[in-house]
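A.B. asks: with the sequence up front, the predicted model follows.
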2 protein chains.
Amino acid sequence: MSSQSLLDQLIGALRCLPGVGSKTAQRMAYYLLERDREGGRHLSHIMAEAMERIGRCSCCRTLTELEVCRLCTNPHRDAAQLCVVETPADQTILEQAIDYRGLYFVLGGHLSPLDGIGPREIGLDLLDARLSEGKVKEVILATNPTVEGEATAQYIHDMANARDIRTTRIAQGVPMGGELEYVDGATIAHAFSGRSEF
Amino acid sequence: MSSQSLLDQLIGALRCLPGVGSKTAQRMAYYLLERDREGGRHLSHIMAEAMERIGRCSCCRTLTELEVCRLCTNPHRDAAQLCVVETPADQTILEQAIDYRGLYFVLGGHLSPLDGIGPREIGLDLLDARLSEGKVKEVILATNPTVEGEATAQYIHDMANARDIRTTRIAQGVPMGGELEYVDGATIAHAFSGRSEF
Ligand SMILES: [Zn+2]
Ligand SMILES: [Zn+2]
């Protein structure tokens, strides 16, 4: 056992949450202990479950506790369209912003050779296997409009091109250098519908 | 089991934290799952422990996993001074801001008859028993400078007065209507040293 009080341990542990400094962590700890123990118990239980059981969909690599996620197994989605995004958060943003009936592929990042992140690290071998099946007719490249996102899109375009599959890129209605996650839904929707041949 | 995905359940559960809306909860969930599972595991474990094991000190009513907290059992603290605060957060703020060697009593709120919060609900029976022991020579009233905090201070003043114990009130250097928890340390220190007879 630590010599720190359990309260101080809780405050320290809460700081692993993004954007939570010591002052905010303290307020959260007091709030849970004084006003919402049931919420705290529930959160601790769900968090433990989530950390153990959530992995990546074997088909699209998004975060899910299932072997294959619900979206991939949804028979009403159109397997001919495959939208490639960097993160599960980007997938959620797109899914909420647009009326899209195709499927997704979640890279979990972008190519970054200097950080040792090559094609395998972002699942491009799995994507290539998917493209080889012949169902996908259009790859929609929705990686971030950053240097790395563009390079990743270019790499996937070349991959798809080698299999005679059409690729489109979401329009640069999203601000250059920005992150999809922070763009409003209307801009995203506009950029998506204005996508062009890559 | 819920029909919601485990990820959605995690996002929902994170919203029990104060100041955390759906967008922030989503970002926290993705962050833990993609970049800090170990931190998430640790947090879930400490949080479960804290919700079960942290109670109130039987002596001063602050939050602690011990029967009597470390501050109350510290032989170097002066039992002649007893500082009364509304919350454990206020106690922490004072302890960090000033060079105080006395003890504390944590009400866990303030008198609020309309909400059914009377003397017993904020531990004033326990405080009176403490005062009856004869060790306390000065009660320092550090309740919030709000209407309720003033009324609570007045009530405790009358209680102490009946036992011929001196009471002081921290100076109104803290802005009227404000909450101690949001006041900077220098102001708190100034108000504390400038306390006067109640
Ligand atoms: Zn999937
Ligand atoms: Zn205590």
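C.D. replies: Thanks, I have it. Ligands and ions are numbered 1, 2, ... in the order given.
A.B. asks: so A:Glu197 bridges to which residues?
C.D. replies: A:Thr168 (DSSP bridges).
A.B. asks: right, and it touches A:Arg166 too?
C.D. replies: Yes. Counting by C-beta atoms under 8 Å, A:Glu197 touches A:Arg166, with 7.2 Å between them. Every C-beta, even on glycine, is put in place using the N, C-alpha and C of the backbone.
A.B. asks: need the contact list for A:Gly40.
C.D. replies: A:Leu32, A:Leu33, B:Cys16, B:Met47, B:Ala50, B:Met51 (C-beta atoms under 8 Å, 6 or more residues apart in numbering or on different chains).
A.B. asks: TSV please, covering the residues you listed and showing neighbour count and pLDDT.
C.D. replies: Listed next are these as TSV, based on neighbours: other C-beta atoms under 10 Å in any protein chain shown; pLDDT from 0 to 100:
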residue	neighbour count	pLDDT
A:Leu32	25	97
A:Leu33	20	96
B:Cys16	19	96
B:Met47	24	98
B:Ala50	25	98
B:Met51	21	98
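A.B. asks: so A:Glu197 and A:Arg166 - more neighbours on which side?
C.D. replies: A:Arg166 (14 against 8; other C-beta atoms under 10 Å in any protein chain shown).
A.B. asks: quick one: that one and ligand 2, what's the gap?
C.D. replies: Using C-beta to the ion, to the nearest Å, A:Arg166 is found at 70 Å from ligand 2.
A.B. asks: for that residue, grab phi and psi.
C.D. replies: In this entry, A:Arg166 is assigned phi and psi values of phi -70, psi 140 (degrees, to the nearest 10).
A.B. asks: apart from its neighbours in sequence, what residue is nearest it?
C.D. replies: A:Glu138 (4.9 Å; C-beta to C-beta, 6 or more residues apart in numbering or on different chains).
A.B. asks: so what's the residue count around that neighbour?
C.D. replies: With other C-beta under 10 Å as criterion, A:Glu138 counts 16.
A.B. asks: wait, doesn't it sit right on A:Leu82?
C.D. replies: Yes. Here A:Glu138 reaches A:Leu82: they are 7.2 Å apart, a contact under C-beta under 8 Å.
A.B. asks: among the contacts of A:Gly40, which two are most distant?
C.D. replies: B:Cys16 and B:Ala50 (14.0 Å; C-beta to C-beta).
A.B. asks: common neighbours of the two, please.
C.D. replies: A:Leu32, A:Gly40.
A.B. asks: which residues touch A:Ala29?
C.D. replies: Per C-beta under 8 Å, 6+ apart, neighbours of A:Ala29: A:Leu7, A:Leu10, A:Ile11, A:Leu14, B:Ala50.
A.B. asks: turn these into JSON lines, including distance to A:Thr146 and secondary structure.
C.D. replies: Formatted as JSON lines, the contacts of A:Ala29 follow (distance: C-beta to C-beta, whole Å; DSSP: H, G, I helix; E, B strand; the rest coil):
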{"residue": "A:Leu7", "distance to A:Thr146": "42", "secondary structure": "helix"}
{"residue": "A:Leu10", "distance to A:Thr146": "37", "secondary structure": "helix"}
{"residue": "A:Ile11", "distance to A:Thr146": "35", "secondary structure": "helix"}
{"residue": "A:Leu14", "distance to A:Thr146": "31", "secondary structure": "helix"}
{"residue": "B:Ala50", "distance to A:Thr146": "40", "secondary structure": "helix"}
